[in-house]
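>>> Need coordinates for the following:
(3 chains)
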Amino acid sequence: MRGFVRRLRRLPVSLLLGGLLTALVVGAALLSLAWTPFPAEQVRVVARLRPPGPVHWLGTDHFGRDVLSMILVGARNSLAVGAAAVALGALLGVPLGLAASAWGRWGDEAVARLGDLLFAFPAVLTAILLTAALGAGAVNVVLALGLFNAAVFARVARGAALAVWRRDFVRAALALGRGPLSVTLVHVLPNIAGVVIVQGTVLFAVAVLNEAALSYLGLGIQPPSPSWGKMLGDAQTFLFTSPLQAIFPGAAIAVTVLGLNLLGDGLRDALDPRHRSAGLL
Amino acid sequence: MLAFLVRRLLTLALTAWLATLVVFAVLEAIPGDPALVMLGTSAQPEAVAALRAQMGLDRPWPVRYAGWVGGMLHGDFGTSLTYARPVAGLVADRLAITLPLAGLALILSAGIAIPLGLFAAGRQGRAGDWAVMAFGQMGIAVPGFWFAILLILLFSVRLGWFSAGGFPGWEAGAGPALKALLLPAVALALPEAAILARITRTAALDTLREEYVRTAVAKGLPRRVVLRRHVLPNALIPVATILGLQFSFLVAGAVVVENVFTLPGLGRLLYQAIGQHDLIVVQSVVVLLAVTVVTVNALVDIACAAIDPRPRVTA
Amino acid sequence: MPNRQRRAALAITMGAVLGLAGALAAGPVLAQAALRTDLVVGMRLEPPHLDPTAGAAAAIDEVTYANLFEPLTRIDAEGKVVPGLAEKWEVSADGLTYTFHLRKGAKFHDGTDADSADVKFSLDRARGAESVNAQKGYFAAIAGVEAPDARTVVVTLSRPDGLFLFHMASGDAAIVAPESAGANKQTPVGTGPFKFERWVAGDRVVLVRNPDYDGPKPALERVTFRFISDPAAQVAALKAGDIDSFPQFDTYEALPQFRDDGAFTVMVGTTEGETILGTNNARKPFDDVRVRRALAHAIDRKTLIDGVLFGNGAAIGSHFPPHRAGYVDLTGLYPYDPDKAKALLAEAGLPDGFATTLRLPPPIYARRSGELIAAMLAEVGVRVTVEPMEWAPWLEKVFKGKDYDLTLIAHTEPLDIDIYGRPDYYFNYQSERFNAVGAELDRTQDSAKRNALYGEQQRILAEDAVNGFLFMLPSATVQKSAVQGMWVNRPIQANDVTGVRWK
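Alright, predicted model coming up:
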């Protein structure tokens, strides 16, 4: 027991705290699959805008829906969109970055320019434009955020892979006549996995934030499925009558993002103790 | 150096041109007819057609694209389809709000973050450091628009010190105008300040490890003096770089924050123009933003290259 | 709260001082001088421009109608046609010739005379080939416009048009001058009692009293229209006293707190906005009247009105406003009955319900109603995917392209039941019975007979359950108690402030 505690204490605090908060949100999302106090989409106009109390722990919204249930299901939606956006980004971006690092100048240049182009538009702006073109909805938000994530993943994977390509064991493998594809898969990919995972955690947090912003503007997850961002958007019109409505969903977003960011920082510190958390950038 | 400069400028031009293509293509794909939006549900088809012709929308897309890009090169951004005003004037009006807002946010975030970062670095590992780091994490995690709503809740709804949104205009005097910008600027500044505080702390810690700083400390100079005289100037270089890069975050943040506070700024103009399908405004504003971001990035790159000749390869 | 107390205390002190001063001055002169002559009107949306003859946006009329521009005739607060730029008119017995007599001394704000040539120019411009008038159809019956003298205009029609005077009273028929018409979008020049002063883009439009107006002068010297789209900001601006009157106030949830506050008056009146669940009658399964009736039974209008309008709105059973003559109450035809709805669906071969899409335009009443209706339809097995849209794609896809299953929108034009007879309208509804009644309406001048025909049309629409007929949009106005003369009802979309004064 003492050994376990000591080992635990040696882990970065951010990893522990981040893991705890993330587990909390994931737990809420999983719980919502099995149980919510009320059906999250159940409308009861007569019971609208109730303050928190014994029946509705966090109160009800303007249609009389139970806020706690909506927040629980919202966790599921939020995490699903975030995870999908990160997965899409990694699936597109990592191979692109690896290819760029292997292809040399022209491939490199092309990926760099593509990145420049995508980064020229702030992510939220890209998403607003894309949802305007494709229509609002969760799938298109995933697409828009995934595209942005792909550019980040490509850049990070390329940078990390370039460093691996210069390492002795890779050169040795190349000298032994291994093809670039097999070297990439066997040697490069495993060595950049840590960096990619850390980046993925951070991008996950960014995706959750951006999804909330888009849903707040009405472009993200659509009713009747609850979403934290939309709950905030709705709550804003009731600021004068029931201000608490605006507190809970925002806190849920903050906890999720905080947890994921801490987790990312902690992972980075755990994977590379020399590296100090240097912030999001 | 010259070759690098030329190459950087060329890629800048290429990126800008690609941006115009992408924006134009995306906007072409958005369903909707600006003339129909203007004339509404009772409009007769021939009236809509007449308005389309008046707006120049009946021309094929290559002609419109060429006209748009060509006009921009001459400084003519076209005429807004809804407001029937030159886009340049429209944008200038809105910049009179967004630029001061962004500037105020930048000053606020630097004013908060740099002292905090230095303070934390000077107390590495102790309670003060922890507090600053916690602030950094919270600042990044709290969604800007939620923070904005909370500010309204506290300062407008509860205390009644500020109005919940809107802008009196500069002709109402600098006082009321700045007052209307203060809450939005705080909301915009928070995430930037959080990031900046962490960067400042890291940069300061790196500098603290440098030989000459250690010497200064060994000579017995007070910590405050060391921090101010030696650490701060060196830490400012990466901080300034980040400040430059944060421009694009500020712009993105402004779109949302201006919506929360209903400020008639550039972000709100853009958002409304997308809704009203005012293609000319959207195109020009988006490209203007993109070109500014790319230019700022290039300038930062060039500045870095000028200071330090190593990272010639663009990252 | 101490703040409010202090303000109240200040107000009492001020009142006492004024009362004392008034007593000393021994007359109403001073008291009258203390009355305000400016007004700040709140509006949700900013107009894109200020030319009512070249755009459909209601916000254009809400600033300019009756205040800045005058049509030949005008709609008053009760919805009646009254003199506008024309002080009187005659209609020939066959209903084909209208002779308008213009006001003597009417002038445009730039000082030029407003005469028959301007009227001829305005009408010809609105119906011409180059016209970009949003209501070009209003002018379709005009065969010719003559100006026999400077004060007389003779309009001949190619067919009788029972609504001609009504249509000539719309903002789209505003009289403009050839010299200034081109610039009206930015610097409008009309003949009304107020003239344009300035437009701070994104924030407000300011009108000032026109000293040269030939008619009765308004009490107000200066009117500011401020644009505040955010509901919370609207409430805050009213509470802070920044806004004197907010007509078309659609943050209904905030009405109770203003009703409880003695400093404010809340008026809830009617509009012409029939809010419907637009249904694509040509698309399966909505081509089956049983399915449409099932939807009608599945929607609980009372809950809808409670949830969306916080109780402020009248239910409708067809496409006609209850406050108009000729209205027939058909709200009892399809009472809320989910079991009946399910039975009807089963009868139509859809025992397990079906999946469908509901495309919603931006207004908040549409978004909220859509959310509630999706939940109600789910109860009877209809799985609704909600798809919010901006105006541009909504107009393009739903309205023009007829590419939709269900949509939700308020039809705000007055007396617009005729849209169900248009061959190409987005409901895809065809009824020879309805059209036959419509043709008879066109031939009928007698108002009692017309009302009976309108009743018949309403019944046909309700029986066919063409659309889900939901409710009338209310017109709520929140204002300071001392403001008098704002319209209670909105027979047309306008903020006529010519009769507004402070008491």
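>>> gap between the most far-flung residue of chain A relative to its centre and chain C?
Residue farthest from the centre of chain A, counting by Cα atoms, centre = their mean, is A:L176 at 40.3 Å. The spacing between A:L176 and chain C, counted by Cβ to the nearest Cβ, to the nearest Å, is 56 Å. Glycine gets a C-beta too; all of them are placed from N, C-alpha and C.
>>> what do you get for A:A163?
46 Å.
>>> For burial, what's the neighbour tally of that residue?
13 (other Cβ atoms under 10 Å in any protein chain shown).
>>> can you pull the buried residues of the one helix or strand it maps to?
Under the criterion of DSSP states H and E, A:A163 resides in helix A:138-165. For helix A:138-165, a neighbour-count test (16 or more other Cβ atoms under 10 Å in any protein chain shown) marks A:138, A:140-158, A:160-162, A:164-165 as buried.
>>> How about stretch B:160-168?
B:162-168.
>>> Which strands and helices lie in contact with the helix holding A:A163?
helix A:67-103, helix A:105-120, helix A:123-134, helix A:189-216 (3 or more Cβ pairs under 8 Å, 6 or more residues apart in numbering or on different chains; DSSP states H and E).
>>> What ranges does chain C have for its helices?
Along chain C, the stretches classed as helices by DSSP state H are C:2-25, C:28-34, C:58-64, C:116-127, C:164-168, C:231-239, C:255-259, C:289-298, C:301-309, C:338-347, C:364-379, C:391-393, C:432-443, C:447-464.
>>> how about those in CSV, adding mean neighbour count and mean pLDDT?
As requested, the helices of chain C are exported to CSV (neighbours: other Cβ atoms under 10 Å in any protein chain shown; pLDDT from 0 to 100):
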stretch, mean neighbour count, mean pLDDT
helix C:2-25, 11, 44
helix C:28-34, 11, 50
helix C:58-64, 25, 95
helix C:116-127, 20, 96
helix C:164-168, 20, 93
helix C:231-239, 25, 82
helix C:255-259, 16, 91
helix C:289-298, 23, 97
helix C:301-309, 22, 94
helix C:338-347, 18, 97
helix C:364-379, 22, 93
helix C:391-393, 22, 83
helix C:432-443, 15, 91
helix C:447-464, 18, 95
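>>> Now render those as CSV, adding distance to chain A.
Shown next, in CSV, are the helices of chain C (distance: least, Cβ to the nearest Cβ, whole Å):
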stretch, distance to chain A
helix C:2-25, 14
helix C:28-34, 31
helix C:58-64, 20
helix C:116-127, 33
helix C:164-168, 36
helix C:231-239, 4
helix C:255-259, 7
helix C:289-298, 13
helix C:301-309, 4
helix C:338-347, 14
helix C:364-379, 4
helix C:391-393, 8
helix C:432-443, 34
helix C:447-464, 25
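>>> For B:G75, find the nearest of those.
Of all the helices of chain C, helix C:391-393 sits nearest to B:G75, with 27.9 Å by Cβ to Cβ.
>>> So which elements touch that closest one?
Partner elements for helix C:391-393 (3+ Cβ pairs under 8 Å, 6+ apart): helix B:34-39, helix B:266-276.
>>> least reliable of the ones you listed going by mean pLDDT?
Lowest mean pLDDT within the helices and strands packed on helix C:391-393: helix B:266-276, at a mean of 82.
>>> Around chain C, which positions in the stretch 101-250 of chain B sit nearby?
For the stretch 101-250 of chain B, the residues in contact with chain C (Cβ under 8 Å from any Cβ of the partner chain) are B:152, B:156-157, B:160, B:163-169, B:171.
>>> redo that, cut-off 6 Å
Neighbours of chain C within the stretch 101-250 of chain B, by Cβ under 6 Å from any Cβ of the partner chain: B:156, B:160, B:163-167, B:169.
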